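Participant: below: sequence and its predicted model.
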Amino acid sequence: RLDVTPQEGLGVWSRVDELPFEPGRGYHAVLGLGPSGHVLSVKGAPEIVLTGCAHLLREGRTVRMTAAARKGLEEEVDRLALQGYRVLAVAERPASDRRDLDDSRVDELTFLGFLCLADPVRPTAAESVGRLTRAGVRIVMITGDHPSTAAAIAAELDLLDGGRVMTGPELDEMDDATLVERLPGVAVFARTTPAHKVRIVSCLRRAGKVVAVIGDGA
């Protein structure tokens, strides 16, 4: 468990620079200055953040990240995601006094813990999905969530129906013709970017489907 309770007497922490979250980046990084010096703090998709972690905090001590420890953390992510949680990994490391921040500096991190966010399906969403399905509309879920989180939510909405979950990185490895062929067997697209979403819709239309997009901001 990660203690995020503010503690008194730790002094003032100020932000120096940051890398905002972007779907293609997969994390949000902040360079800050505190009483003990500069600190680089990172939170984001576990599969991205963990690749930059060389150490982990265990029982108050910093130890080297081993292959076995990494595998155990990845299994924990899947366990949490299958419960429908949105999971973020949190990591940090001491930093130099350089004031510029770029992606190349996000390495040699110490893993601190996972942050789990509960975002249950709204009753109105489940009702709408059911009505559309009964009307003969095929629903495809497209999300930036972890594949296991997406699968858990889709199962709750009865969207899987034998279909598979495909990820954004899998999309990147196939051309449009291959994607059009595989679309009928896919119920959920996970870890997608806005560009992936446009491509999926375009390929559905190329396959002769009439497509409507609903959801956040649509």
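Facilitator: Yep, that arrived.

Participant: run through the neighbouring helices and strands of the longest helix belonging to the chain.
Facilitator: The longest helix of the chain (DSSP state H) is helix 67-81. Other elements packing on helix 67-81 under the criterion 3 or more CB pairs under 8 Å, 6 or more residues apart in numbering; DSSP states H and E are helix 46-49, strand 53-58, strand 86-94, strand 109-117, helix 147-156. Using the backbone N, CA and C atoms, a C-beta is placed for each residue, glycine as well.

Participant: which residues touch the shortest one?
Facilitator: Judged by CB atoms under 8 Å, 6 or more residues apart in numbering, the contacts made with helix 46-49 from elsewhere in the structure are 25-27, 42-43, 73-74, 77, 87-91, 109, 111, 114, 146.

Participant: quick one: buried ones out of those residues?
Facilitator: Among the contacts of helix 46-49, the ones that count as buried by 16 or more other CB atoms under 10 Å are 26-27, 42-43, 73, 77, 87-91, 109, 111, 114, 146.

Participant: for the most centrally placed residue in the chain, give me its contacts.
Facilitator: Computing the C-alpha centroid of the chain and ranking residues by CA atoms, centre = their mean puts residue 45 first, at 4.0 Å. Counting by CB under 8 Å, 6+ apart, residue 45 touches 26-27, 88-89, 146, 191.

Participant: what pairs with residue 186 across the strands?
Facilitator: residue 164 (DSSP bridges).
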